[in-house]
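K.L.:
Just to be clear, the model below is a prediction. Sequence and coordinates:
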Amino acid sequence: MSNPATPLNPTLAVVIPCFRVRDAILDVLAGIGPECQAIYVVDDACPENTADLVEAECHDPRVQLIRLPENQGVGGAVLAGYERALDDGADILVKLDGDGQMDPALIPRLVAMIQQGEADYVKGNRFFELDGLQSMPTVRLIGNSLLSFVNKVSTGYWNVFDPTNGFTAIHAGVARQLPFEKLSRRFFFESDMLFRLGTLRAVVTDVPMPVRYGNERSNLRVRHVVFEFAWKHFANTAKRLFYNYYLRDFNIASVEIVVGTAALVWGTWFGLTRWLAGIAQNIPATSGTVMVAALPVLLGVQLILAFLNFDIQNVPRDVLHKRLLPPHEKS
């Protein structure tokens, strides 16, 4: 028996945010297969007038144009497409960039786990196929690796990698649960999506995808967003821990992180102050002083590691959209 929240032949809608992708957009549209019933091209106040090009050159009846009067950023453009697709009754929403770095032929692979009821949100992972990573610029390779770890901490999805990958699919029922008004509108959008999905306890998974880099230029300037990303990840980490371990639940991990952090901080502070005092007075620390400093540090590290182990095992595994009522059944 099929799950009523996931029809046997779900309507697939593709949302393509467009900003400075005039050279690639027509090839991207031509590569989208018949499995997709609707395509929303969102012109994010593009200075290259991408919407005009699509209107003039693309005759695919599935394509609908959405023109934003002011630039909203990639997140704002995607959300505008999501809203239109949801209003039109789409069951699965695919986000595909218009710069040609993502192969539209991979869409069936991307949505398969949602169609089978095994995931709520699926994203691409460019790091799975190691041979293809040779084409990724070294700076991006290192940056994505570091960002992936930080993203694991802030979202709680320790099972996924490549968080900035914009090739994604989401079940419409789960998308309707997201607070669109709170989601980041610009380059933090993908990471913020994962954080918000984590608050819903949605199941997220990766699918391998090849790396495709051509002559396109990224609109992201790392030096302009590094501090913004750092602060937002810190804020999301704090909110996630509070929501999951104190507001919605309280368990042994809730105690471990507090006691462990307090012990580590106190032991470090005590040890440093006694060490500096010994240097100033030219008096070596006694074995008792060393033990008083070392024991809280060791205990703190052990408790924090225990918390991390619990947190890693706490990745959502119960598919959310199976538990949601279809829109027509809601009161």
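P.N.:
Sure thing, it's come through.
K.L.:
How is this structure divided into domains?
P.N.:
Here the domain parsing of the chain from automatic domain parsing is 12-220, 250-313.
K.L.:
quick one: average confidence on the first one?
P.N.:
It stands for domain 12-220. The pLDDT scores in domain 12-220 average 91.
K.L.:
How far does it sit from its chain's centre?
P.N.:
11 Å (Cα atoms, centre = their mean, to the nearest Å).
K.L.:
As a check, name the ranges of all helices in the stretch 51-200 of the chain.
P.N.:
With DSSP state H, counting those that start in this stretch as the criterion, the stretch 51-200 of the chain has helices at 73-87, 107-115, 138-155, 172-175, 189-200.
K.L.:
out of those, nearest to residue 161?
P.N.:
Within those, the stretch nearest residue 161 is helix 138-155; the backing value is 4.9 Å (Cβ to Cβ). Any C-beta I mention is one placed from the backbone N, CA and C, and that applies to glycine too.
K.L.:
And the contacts of that closest one?
P.N.:
If you take Cβ atoms under 8 Å, 6 or more residues apart in numbering as the criterion, helix 138-155 is touched by 126-127, 133, 157-158, 160-164, 191, 194-195, 197-198, 222, 229, 233-234, 236-237, 240.
K.L.:
about what we covered before: could you dump the domains of the chain into JSON lines and include mean neighbour count and distance to residue 323?
P.N.:
As requested, those are exported to JSON lines (neighbours: other Cβ atoms under 10 Å; distance: least, Cβ to Cβ, whole Å):
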{"stretch": "domain 12-220", "mean neighbour count": "19", "distance to residue 323": "9"}
{"stretch": "domain 250-313", "mean neighbour count": "15", "distance to residue 323": "21"}
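K.L.:
With distance to residue 324 as extra columns, can I get the ones you listed in JSON lines?
P.N.:
Shown next, in JSON lines, are the domains of the chain (distance: least, Cβ to Cβ, whole Å):
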{"stretch": "domain 12-220", "distance to residue 324": "4"}
{"stretch": "domain 250-313", "distance to residue 324": "25"}
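K.L.:
can you tell which of those domains is closest to residue 244?
P.N.:
Nearest of the domains of the chain (Cβ to Cβ): domain 12-220, 6.9 Å.
K.L.:
Residue 321: which of the domains of the chain is closest?
P.N.:
domain 12-220 (4.2 Å).
K.L.:
quick one, phi/psi of residue 39?
P.N.:
Main-chain dihedrals, residue 39, degrees, to the nearest 10: phi -130, psi 120.
K.L.:
that older thread, how about CSV for the helices of the stretch 51-200 of the chain, with distance to residue 35 added?
P.N.:
As requested, the helices of the stretch 51-200 of the chain are exported to CSV (distance: least, Cβ to Cβ, whole Å):
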stretch, distance to residue 35
helix 73-87, 15
helix 107-115, 6
helix 138-155, 29
helix 172-175, 16
helix 189-200, 23
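K.L.:
Of all these, which one is nearest residue 276?
P.N.:
helix 138-155 (31.3 Å).
K.L.:
Tell me what angle the closest one forms with helix 189-200.
P.N.:
Angle, helix 138-155 to helix 189-200, by axes from the mean of the first three to the mean of the last three Cα atoms, to 10 degrees: 20 degrees.
K.L.:
What distance do you get for residue 269 to residue 308?
P.N.:
Applying Cβ to Cβ, to the nearest Å, the value for residue 269 to residue 308 is 22 Å.
K.L.:
Correction: the previous question concerned residue 263.
P.N.:
Residue 263 is 15 Å from residue 308, by Cβ to Cβ.
K.L.:
now swap in residue 78 and tell me
P.N.:
With Cβ to Cβ as the criterion, residue 78 and residue 308 are 32 Å apart.
K.L.:
Quick one: residues contacting residue 114.
P.N.:
So residue 114 contacts 6, 10, 92, 120, 121, 122, 169, 170, 171, 321 (Cβ under 8 Å, 6+ apart).
K.L.:
Can I get the residues you listed in CSV including distance to residue 66?
P.N.:
Below are the contacts of residue 114 laid out as CSV (distance: Cβ to Cβ, whole Å):
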residue, distance to residue 66
6, 26
10, 22
92, 19
120, 25
121, 22
122, 23
169, 19
170, 18
171, 21
321, 25
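K.L.:
Other residues contacting stretch 95-110?
P.N.:
12, 14-18, 21, 24-25, 27-28, 31-33, 35-36, 41, 50, 78, 81, 94, 122, 124, 166-170, 207, 209-210, 212-214, 216.
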